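Undergrad: next input, structure requested:
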Amino acid sequence: MVVQPCTKTVPAVLYKHRPAATRYLGVGVVLAAGAAAIIATPSAAQETDPWLLYDENGTTVRATLQFGANLVSEADLFWNLSENAAPGSGFDPDATWLELYVTPGLEFETTFDSGNQVYGRLSAVGSYTLWTDAFDTGDTGRVTLEEAYVGFRTGFADGAALDLSFGSRALRLGTGMLISDGASDGFDRGALKFGPRRAWEIAAIAELSWDDYTGTLFYIDPREHDDSDNGNALAGFDFRYDDPAGGYLGLTYVSVLESDAPYPRVDPVTGLDIVPGAREGTNTLALYARSNPFEGAFENVFLTGDLAYQWNDSIDLTAWAGRVQVGYTFADAAWTPTLTYSYQSFSGDDPDTAALERFDPLYYDGSPSAWATGSKSAMVFINSNVQSHNLAVSLQPTQRDTITFRYAHVRANELGSPIQFGQATRPGAGGGLLQTGVDDAHLSDDFFIEYRRIINRNTFLSAGVSVAVPGEGIRNVFPGSDPNWVGGFLNVVYNF
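TA: Numbering: from 1, shown residues only. Prediction:
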């Protein structure tokens, strides 16, 4: 289990909402007032580190600040399907926009003579999109609360440690397959691609660690948009073993305690159906692992695997998902190439059964290096009723420069079944039942080249170009002109 903030690079279209930021306003005022009193007395450490505001009597107070700017350009967005699906909408498939965000923060830690610690953090995100983005929204942004939590750490004589925290904070479990992205971006909040928000609106976390084992209990409430607040609340546990020689083995259980989110399903008699409130009661059990199983000439081979089983008895849901990955690092070769192949698959609803087999990916990490199904296609398909073969080659010409090429062959698992939430739904032949999904499994082929440079210890630059070629499944939905979807970006992130 890892509790840390992350930066999204590709949006995952999930069930999210936005809370009222005033929920933790009182906490913020108290922390800010206390910090102001402390800052009034500077310490010697402040003379060498201007961001260390106070360091006396076992207490440290530090300010943080992150800033990012991202220029994005896209042509023939979503393969220009809007021309046929909604010709009167006025949607422009060519877009160029600029995303900006800033994240100021304040954190403290107090260590007592007993060794126990109290800690906390307060931060906000201000973001803005200039011009119009891929989802036809622009010239808008918001300032929202990000983190506002307090925690307590203590150790035991046998080497075990307990960490308790409560408030708004980030939580990522395992590889990010199910639990990673606790807040939404884009639309009225701006910064669609950057996705600077990660923290859950409410996160109650209890972590017990001993030797190489970590057990975590959690309760989380995502920070959803006001206009799509489905009242989600989840709880569960994560148990993980980290091998000192490298690798890990973990088990995650997640239960949806409350939710108004609906599920799409295909009824063999009536066609596409939307089941209201279906997410509530959904349970997911996931196993994840990584290993370097060989020695000698193959010591740089690594294997990873994820397997998830999902069920909900109240709606007759049984679903599954998984990924296998194998990679090799050519440590002695020029530019240290790393070659990785992975296959990932997420079940879809079988249109020939009355049961529901559609996998709910919950709040996964949708970045290309994590669980995106295609670099561009991830903006269209969530991880449900899709599968993909993925190939990545990473090169490091210098310690500061990394070049990565990614290819994804994306396919549907079930024909005639919703890919995300009813996309490609259209009248059947002769005006009959609504048709949904695709009639050919091949959805797209995505190509992505990304360059990253560490300019200095605080500044990071990324640039990339990508192309998504539509497959027959997409071309057959609306026969005609289905151009390649092309785009690029250039961004800079600065951490103070």
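Undergrad: which residue ranges form the helices in the stretch 301-450 of the chain?
TA: For the stretch 301-450 of the chain, helices defined by DSSP state H, counting those that start in this stretch do not occur.
Undergrad: if I look at residue 60, what pLDDT would I see?
TA: If you check residue 60, the pLDDT there is 98.
Undergrad: tell me who's in contact with it.
TA: 52, 54, 108, 109, 110 (C-beta atoms under 8 Å, 6 or more residues apart in numbering). In this view, the C-beta of every residue, glycine as well, is placed from N, C-alpha and C.
Undergrad: of these, closest to residue 255?
TA: Residue 255 has its nearest neighbour among the contacts of residue 60 in residue 109, at 32.5 Å by C-beta to C-beta.
Undergrad: which element is the closest residue to that closest one other than its chain neighbours on?
TA: Ranked by C-beta to C-beta, 6 or more residues apart in numbering and with sequence neighbours excluded, the top spatial neighbour of residue 109 is residue 119, at 4.3 Å. Taking DSSP states H and E as the definition, one finds residue 119 inside strand 117-132.
Undergrad: and that strand, which strands flank it?
TA: Next to strand 117-132 in the sheet, as set by DSSP bridges, lie strand 95-111 (antiparallel), strand 138-155 (antiparallel).
Undergrad: how about those in TSV, adding mean pLDDT and distance to residue 124?
TA: Converted to TSV, those look like this (pLDDT from 0 to 100; distance: least, C-beta to C-beta, whole Å):
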stretch	mean pLDDT	distance to residue 124
strand 95-111	98	6
strand 138-155	97	6
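Undergrad: JSON lines for those strands, including mean neighbour count?
TA: Formatted as JSON lines, the strands paired with strand 117-132 follow (neighbours: other C-beta atoms under 10 Å):
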{"stretch": "strand 95-111", "mean neighbour count": "19"}
{"stretch": "strand 138-155", "mean neighbour count": "19"}
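Undergrad: helix/strand/coil for residue 293?
TA: coil (DSSP: H, G, I helix; E, B strand; the rest coil).
Undergrad: show me how far the strand holding residue 119 is from its chain's centre.
TA: Relative to its parent chain, strand 117-132 has a centroid offset of 16 Å by C-alpha atoms, centre = their mean, to the nearest Å.
Undergrad: can you check stretch 196-209 too?
TA: Mean C-alpha position of stretch 196-209 versus that of the full chain (C-alpha atoms, centre = their mean) differs by 14 Å.
Undergrad: buried ones in it, by neighbour count?
TA: For stretch 196-209, burial by neighbour count (16 or more other C-beta atoms under 10 Å) applies to 196-205, 207-209.
Undergrad: please apply the same query to stretch 67-74.
TA: By neighbour count on 16+ other C-beta under 10 Å, the buried set for stretch 67-74 is 67, 68, 70, 71, 72, 74.
Undergrad: from these, pick the one nearest residue 150.
TA: Within the buried residues of stretch 67-74, distances to residue 150 taken as C-beta to C-beta reach their minimum at residue 67, with 26.2 Å.
Undergrad: now do that closest one, the pLDDT please.
TA: The predicted local confidence for residue 67 is 97.
Undergrad: adjacent strands (with direction) for the one helix or strand it maps to?
TA: Following DSSP H and E, one finds residue 67 within strand 59-75. Strand 59-75 sits in its sheet next to strand 52-56 (antiparallel), strand 95-111 (antiparallel), strand 485-495 (antiparallel), going by DSSP bridges.
Undergrad: quick check: next helix or strand after that strand?
TA: helix 82-85.
Undergrad: kindly export that next one (C-alpha atoms) in CSV.
TA: Taking C-alpha atoms only, helix 82-85 is exported to CSV below (Å, rounded to 0.1, in the frame of the first residue of the first chain):
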residue,chain,number,x,y,z
SER,A,82,-19.4,13.3,-33.7
GLU,A,83,-19.9,14.3,-37.4
ASN,A,84,-22.2,11.2,-37.7
ALA,A,85,-23.4,10.7,-34.1
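Undergrad: could you export stretch 233-241 as PDB, CA atoms only?
TA: C-alpha atoms of stretch 233-241 as PDB (Å, rounded to 0.1, in the frame of the first residue of the first chain):
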ATOM      1  CA  ALA A 233     -18.500   5.400  -0.200                       C
ATOM      2  CA  LEU A 234     -16.100   2.500  -0.100                       C
ATOM      3  CA  ALA A 235     -14.300   0.500   2.500                       C
ATOM      4  CA  GLY A 236     -11.900  -2.500   2.600                       C
ATOM      5  CA  PHE A 237      -8.500  -3.700   3.400                       C
ATOM      6  CA  ASP A 238      -5.100  -4.300   1.700                       C
ATOM      7  CA  PHE A 239      -2.500  -6.800   2.900                       C
ATOM      8  CA  ARG A 240       1.000  -6.700   1.300                       C
ATOM      9  CA  TYR A 241       4.400  -8.400   1.500                       C
END
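Undergrad: got the buried residues for that stretch?
TA: Going by neighbour count (16+ other C-beta under 10 Å), the buried part of stretch 233-241 is 233, 234, 235, 236, 237, 238, 240.
Undergrad: do the same with stretch 299-319
TA: By neighbour count on 16+ other C-beta under 10 Å, the buried set for stretch 299-319 is 302, 304, 305, 306, 308, 310, 312, 315, 317, 319.
Undergrad: got the end-to-end distance for it?
TA: 35 Å (C-alpha to C-alpha, to the nearest Å).
Undergrad: tell me where the protein is predicted with low confidence.
TA: Residue ranges of the chain with pLDDT under 70: 1-47, 421-435.
Undergrad: follow-up on the earlier one: just the ones of the buried residues of stretch 233-241 in strands?
TA: Residues of the buried residues of stretch 233-241 located in strands (DSSP state E): 233, 234, 235, 236, 237, 238, 240.
Undergrad: can you list those in JSON lines and add distance to residue 473?
TA: Below are these laid out as JSON lines (distance: C-beta to C-beta, whole Å):
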{"residue": "233", "distance to residue 473": "36"}
{"residue": "234", "distance to residue 473": "32"}
{"residue": "235", "distance to residue 473": "37"}
{"residue": "236", "distance to residue 473": "35"}
{"residue": "237", "distance to residue 473": "38"}
{"residue": "238", "distance to residue 473": "36"}
{"residue": "240", "distance to residue 473": "38"}
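Undergrad: and the strands paired with strand 117-132 as TSV, adding distance to residue 350?
TA: TSV is the format used below for these (distance: least, C-beta to C-beta, whole Å):
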stretch	distance to residue 350
strand 95-111	37
strand 138-155	40
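Undergrad: ok, which of those strands comes nearest residue 463?
TA: Closest to residue 463 of the strands paired with strand 117-132, according to C-beta to C-beta: strand 95-111, at 14.4 Å.
Undergrad: need the CA coordinates for the closest one. PDB is fine.
TA: What follows is strand 95-111 as a C-alpha-only set of coordinates in PDB (Å, rounded to 0.1, in the frame of the first residue of the first chain):
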ATOM      1  CA  ALA A  95      -8.800  21.600 -30.500                       C
ATOM      2  CA  THR A  96      -5.800  23.300 -28.900                       C
ATOM      3  CA  TRP A  97      -5.800  24.400 -25.300                       C
ATOM      4  CA  LEU A  98      -3.600  25.400 -22.400                       C
ATOM      5  CA  GLU A  99      -3.900  23.900 -18.900                       C
ATOM      6  CA  LEU A 100      -2.500  25.500 -15.800                       C
ATOM      7  CA  TYR A 101      -2.500  24.500 -12.200                       C
ATOM      8  CA  VAL A 102      -0.900  25.500  -8.900                       C
ATOM      9  CA  THR A 103      -0.900  23.500  -5.600                       C
ATOM     10  CA  PRO A 104       0.300  25.300  -2.500                       C
ATOM     11  CA  GLY A 105       0.600  23.300   0.700                       C
ATOM     12  CA  LEU A 106       1.600  23.400   4.300                       C
ATOM     13  CA  GLU A 107       2.600  20.400   6.300                       C
ATOM     14  CA  PHE A 108       3.800  19.800   9.900                       C
ATOM     15  CA  GLU A 109       5.200  16.900  12.000                       C
ATOM     16  CA  THR A 110       5.800  16.800  15.700                       C
ATOM     17  CA  THR A 111       7.900  14.100  17.300                       C
END
